[in-house]
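# Provided below for reference: sequence and predicted model.
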Amino acid sequence: MSTAKVGIIVFPGSNCDADTYHVFNNIIGVDTKFIWHKSATLEDRNIVILPGGFSYGDYLRCGAIAKFSPIMSEIIRFAQKGGIVIGICNGFQVLCETGLLPGALIRNRMLKFICDLVTLKVENNKSIFTSYYEIKEEIKLPIAHGEGNYVCDSDTLSELIGNNQVLFTYTENPNGSTGNIAGLQNVSRNILGLMPHPERASESILGNTDGIRLLRCVAESVI
Amino acid sequence: MTYPVVNKSLAFELGLLEEEYEKILSILGRTPTYTELGIYSVMWSEHCSYKNSILKIKTLPRSGGKLLVNAGEENAGLIDIGEGLAVAFKIESHNHPSAVEPYQGAATGVGGILRDIFTMGARPVAALNSLRFGKLNNERNKFLFRNVVKGIGDYGNCFGVPTISGEIYFEESYNDNPLVNAMAVGLVRHDKTATAKASGIGNPVFIVGSATGKDGIHGATFASEEISDSSESKRPSVQVGDPFTEKLLLEATLELINSEIVVGIQDMGAAGITCSTSEMSAKGDVGMKINLDEVPLRDSNMTAYEIMLSESQERMLVVIKKGQEDKAREIFEKWDLNCALIGEVTRDKNIKIFYKGKLEADVPARSLVLGGDAPVYQRESKVPDYIAETTTFDAEALLMPDNFNNVLSKLLSDPDIANKKWVYSQYDSQVMTNSIVLPGGDASVIRIKGSKKGVAMKVDCNSRYVYLNPYVGAMISVAESCRNVVCTGASPLGITNCLNFGNPYDPEVYYQFSEAVRGIGDACRKFNTPVTGGNVSFYNESQNFAILPTPVIGVIGLIDDVSKIVTSDFKQSGDYVILIGKQNSNEVGGSQYLKTIHDKITGKPPLIDLDFELNLHNTLLRLMSESLLNSCHDISDGGIAVALAECCITGENKTGCKIEMNFVHRDDFELFGETQSRVIASTSNAEKVIALCKENNLDAVCIGQTGGDRLIINEFISSSIADLAKSYFTSIGIIMD
């Protein structure tokens, strides 16, 4: 029985917050709450999700303003103590901006927003995020981003690979990402950032359930 | 700053006619102030007053069916879908702004229509668009196309609404005057809807959302004249969009409406504060006293005239229940938005505008609005000269192509028909996780969480048909858009229309307009799909000619059980291919074949028999409710050959088919003609499908079977699926990237 208590952070401009809530609360069926960005506490949450969207309109740079939200210092403290944090799409961008994950996300190679279904390869299934997948399994997840081109220097890339931090790669790179990286975890393995949207692939009526294994895996990792 | 002297010539400059200026003098019994003249000029512009269209619009079926509010009463139409839920939807044009500033023009078009939906209390759940450009053989048209698409994408994506369906055509007549029509669809519980009516003497009036700036002043007037060389100077009339603020405004507005302290609310689009104050007051038969000193401004150096006419985006006018002012402020503060008390509802039925201690305007609200004293005209109408020529076109004299495979390939790669993934991959079509039929098929479908129901939607218009016969062409627009939603398994419930035409003072244009409206009305009455509202956009003219008349139809259909949805692509080998409806085609007038292959827009458009069409819809819905169809695809542009190719190549499992048909007319007419009221279906149970059609007196013939990796039609077509897919999927990208 999972004791997951999921907190979904709502920034002004978040727009996948309700979608992610729907999957955790109604499909997986765990205790799920929204947490307003002005809140000073994460309450009793043991899984924190930074959802997709356009926090603060992404006007300065994706995620650049969200990192100054009151709740962010709480999230950093929580993450540093080993708390589970997942950043999806815009949430991934926020995690990179705050330094919780290495590297940065810049404009897609073709300089266009891309909404599409992409094939990912599971590079490491020994993580609290991916243990429900087979190693090297190919899964399909939707992407929808204008700035999903992951960049880092070559030393960082070597470290990411050497530490098995890369969890998902694109089989056909849609956006120019370094090392075809679609999702990665931190060294301590409690923080995940990924550009594709698992919450959009979590119900058979939507034609794809490849994403729910990730979210379920995390929810059930909390005992 | 001193205002110019008000006189007749100033009134002309602002776009008013002499008779209209005289009417203002008689309403007021005095010379208007400059601000008042500005107010009348925008409220009586074509864009706000519908003065040249309203007499015709009133002939449309605007009530009945599942309508919860009659057309024109509120910001958008509202249709009951059962279980206490309603769908709010509307389409609107943003053509002129997009012609001079495509990115912002298109973006603010999306923003405006989304606000129309959420002022109803409905959360927007889908966005659609209908676009027209000149041909993609010059850089200007590519620039317009690229930036309109980017503007639509950036706004909708950031706002967080899935842009789920659309249509795009490229014709020379749209060279200088592209069309950008944006439609939005929202969901609301019946008991949570809001009204655009002001009421309750003494109730406070708030302006919420963005601050007011100098952008978009006289945008409504600009929309009411032809595009010309001087239009470039109207760039400042184009508003600037801020989707992030709109997203905050959405959340704050819905929170405000749900807290039950709203008396009335209206978004500020064309003519900003002027239009919202006067329309809300006139609807409630009250007045308003407004103090412009309280309006949050981006530029402190603005005159009353500018504040009243600004079309700054992302603003709303809200009447709150007296005593609940703090509650309203609290909600908007949470979302970091302005919420300023600017006035109150008054008994005297006038709009009184004060600024810096001076009474700037004092005019009867009713005198400004449609349904009040705004002018109403019946224009002169004349059958266009070109019709004599196009109707006598002899199709039999057309040269017979020597290779039908090449014709098919050319049609599939024509940007009009080719897959539009280059466009829709720039739109987030999946946010909200309700999209179950994505862009690229006949109609798109969203599910409703917590219910088995789904909503299908589509925009459609074949403007070539409307040009060649406005009455028949408009009926086909309605029939085809309804057929598209029927092909998914949805019953059409209502339509919204965006009527894009040239200058109504041209009798030929007015003929096109009035005949098109007659056609829409007749078709909608037949299908029991009332017109819930929409928009008229006149003055769409390129330098030397009017655009093809383009009455775009947006339709909403309801599916009771989303598990029974049908899509257009062949699903598997071994299925039977059934042609349901009209079995043969001899009609190439106005067809894509005639345009792409023979470079002509001429002839008579296909005939449409509305009773036959309705029977087709009802029969298809019955077949689908019994889960007999594995796919269903409307036959339209490019005829049966293109439709079959699309069935083969648009699915995840691309599947060929072998077709044997009995042709009774010319081979090219049978293959590429666009006879109406026919669909391609696939099934594992051909006998039952055919029997059920027969029971309904509808022709249905098994014309072949799916399978293999080629599309084969008699001895005329034999193409590999891979080649067809290449023509269809890559052509727009090759032109644009």
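Received the coordinates, thanks.
# C-alpha only now, for contacts and for neighbours.
Fine.
# which strands or helices does the helix or strand where B:Phe244 lies pack on?
Remark: B:Phe244 resides in helix B:243-258, with elements defined by DSSP states H and E. For helix B:243-258, the packing partners by 3 or more CA pairs under 8 Å, 6 or more residues apart in numbering or on different chains; DSSP states H and E come out as helix B:102-118, helix B:139-159, helix B:325-334.
# pick the most deeply packed of the ones you listed.
Stretch with highest mean neighbour count among these: helix B:102-118 (a mean of 29; mean count of other CA atoms under 10 Å in any protein chain shown).
# and the angle from that helix to helix B:243-258?
10 degrees (axes from the mean of the first three to the mean of the last three CA atoms, to 10 degrees).
# thinking again about what came up before, and the angle for the helix holding B:Phe244 with helix B:139-159?
Using the same axes, to 10 degrees: helix B:243-258 against helix B:139-159 is 40 degrees.
# list the buried residues for helix B:243-258?
Within helix B:243-258, the residues scored as buried using 16 or more other CA atoms under 10 Å in any protein chain shown are B:243-254, B:256-257.
# looking at the stretch 251-400 of chain B, which residue is nearest chain A?
B:Trp335 (7.3 Å; CA to the nearest CA).
# if you could redo that for the stretch 451-600 of chain B, that was the one I meant.
B:Ser563 (7.6 Å).
# so who does that residue touch?
Applying CA atoms under 8 Å, 6 or more residues apart in numbering or on different chains, we find B:Ser563 in contact with A:Ile205, B:Lys452.
# around chain B, which positions in chain A sit nearby?
A:12-13, A:15-16, A:18-19, A:53-54, A:56-57, A:112-116, A:144, A:199-200, A:205-207 (CA under 8 Å from any CA of the partner chain).
# which of these are buried, as a ChimeraX select command?
To isolate the buried subset of these in ChimeraX, counting by 16+ other CA under 10 Å, use the following:
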select /A:12,13,15,16,18,19,53,54,56,57,112,113,114,115,116,144,199,200,205,206
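# and the residue nearest to B:Asn584 when sequence neighbours are not counted, what does it touch?
Nearest non-adjacent residue to B:Asn584, counting by CA to CA, 6 or more residues apart in numbering or on different chains: B:Glu670, 6.3 Å away. With contact taken as CA under 8 Å, 6+ apart, B:Glu670 is in contact with B:Asn584, B:Ser585, B:Asn586, B:Gly639, B:Ile640, B:Phe663, B:Val664.
# export the helices and strands packed on helix B:243-258 as TSV, with columns for mean pLDDT.
Listed next are those as TSV, based on pLDDT from 0 to 100:
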stretch	mean pLDDT
helix B:102-118	95
helix B:139-159	97
helix B:325-334	95
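# in TSV: those, plus distance to B:Asn177.
Formatted as TSV, the helices and strands packed on helix B:243-258 follow (distance: least, CA to CA, whole Å):
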stretch	distance to B:Asn177
helix B:102-118	11
helix B:139-159	10
helix B:325-334	39
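# show the backbone phi and psi for the residue nearest to B:Asn584.
Note on B:Glu670: its backbone torsions stand at phi -70, psi -40 [degrees, to the nearest 10].
# before we move on, the earlier item: and the residues of chain A next to chain B, which of them are in helices?
A:Ala18, A:Asp19 (DSSP state H).
# among the residues of chain A next to chain B, which are located in strands?
A:Ile114, A:Cys115, A:Asp116, A:Ala144 (DSSP state E).
# now the second one: closest residue in space that isn't a chain neighbour?
Pointing back at A:Cys115 there. Counting by CA to CA, 6+ apart, the residue nearest A:Cys115 is A:Ala144, at 4.1 Å.
# what's near enough to touch the one you found?
A:Ala144 touches A:Cys89, A:Phe113, A:Ile114, A:Cys115, A:Asp116, A:Pro196, A:His197, B:Asp428, counting by CA under 8 Å, 6+ apart.
# could you check how far it is from B:Tyr728?
23 Å (CA to CA, to the nearest Å).
# confidence score at the residue of the stretch 451-600 of chain B closest to chain A?
As predicted, B:Ser563 sits at a pLDDT of 94.
# wait, B:Thr496 sits on B:Thr529?
No - using CA atoms under 8 Å, B:Thr496 is not in contact with B:Thr529, being 9.5 Å away.
# distance from the chain centre to the helix or strand following the helix holding B:Phe244, please.
Going down the chain from helix B:243-258, the next helix or strand is strand B:262-267, by DSSP H and E. Centroid displacement of strand B:262-267 relative to its chain, using CA atoms, centre = their mean, to the nearest Å, is 24 Å.
# list the helices and strands strand B:262-267 packs on?
Counting by 3+ CA pairs under 8 Å, 6+ apart, strand B:262-267 packs on helix B:102-118, helix B:272-284, strand B:315-320.
# could I get these as CSV with distance to B:Leu144?
As requested, the helices and strands packed on strand B:262-267 are exported to CSV (distance: least, CA to CA, whole Å):
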stretch, distance to B:Leu144
helix B:102-118, 6
helix B:272-284, 26
strand B:315-320, 27
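# could I get these as a markdown table with distance to chain A?
Listed next are these as a markdown table, based on distance: least, CA to the nearest CA, whole Å:
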| stretch | distance to chain A |
| --- | --- |
| helix B:102-118 | 14 |
| helix B:272-284 | 24 |
| strand B:315-320 | 17 |
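# and B:Ala681, which of these is closest to it?
When the helices and strands packed on strand B:262-267 are compared for distance to B:Ala681 using CA to CA, the nearest one is helix B:102-118, at 34.7 Å.
# who are the packing partners of the closest one?
strand B:85-93, helix B:95-100, strand B:123-133, helix B:139-159, strand B:179-189, helix B:243-258, strand B:262-267.
# specify the angle between whichever helix or strand comes after the fifth one and helix B:325-334 in degrees.
Which is strand B:179-189. From strand B:179-189 onward toward the C-terminus, using DSSP H and E, the following helix or strand is strand B:204-209. Inter-element angle recorded for strand B:204-209 and helix B:325-334: 0 degrees (by the same axes, to 10 degrees).
# so what secondary structure elements neighbour strand B:204-209?
Counting contacts by 3+ CA pairs under 8 Å, 6+ apart, strand B:204-209 packs against strand B:315-320, strand B:338-346.
# just put the ones in strands among the residues of chain A next to chain B in a markdown table and tack on pLDDT.
Below are these laid out as a markdown table (pLDDT from 0 to 100):
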| residue | pLDDT |
| --- | --- |
| A:Ile114 | 97 |
| A:Cys115 | 97 |
| A:Asp116 | 96 |
| A:Ala144 | 97 |
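# make JSON lines from the residues you listed and add distance to B:Asn301 to it.
Formatted as JSON lines, those follow (distance: CA to CA, whole Å):
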{"residue": "A:Ile114", "distance to B:Asn301": "42"}
{"residue": "A:Cys115", "distance to B:Asn301": "43"}
{"residue": "A:Asp116", "distance to B:Asn301": "47"}
{"residue": "A:Ala144", "distance to B:Asn301": "42"}
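# in chain B, where is pLDDT below threshold?
Residue ranges of chain B with pLDDT under 70: B:1, B:220, B:222-224, B:227, B:229-237.
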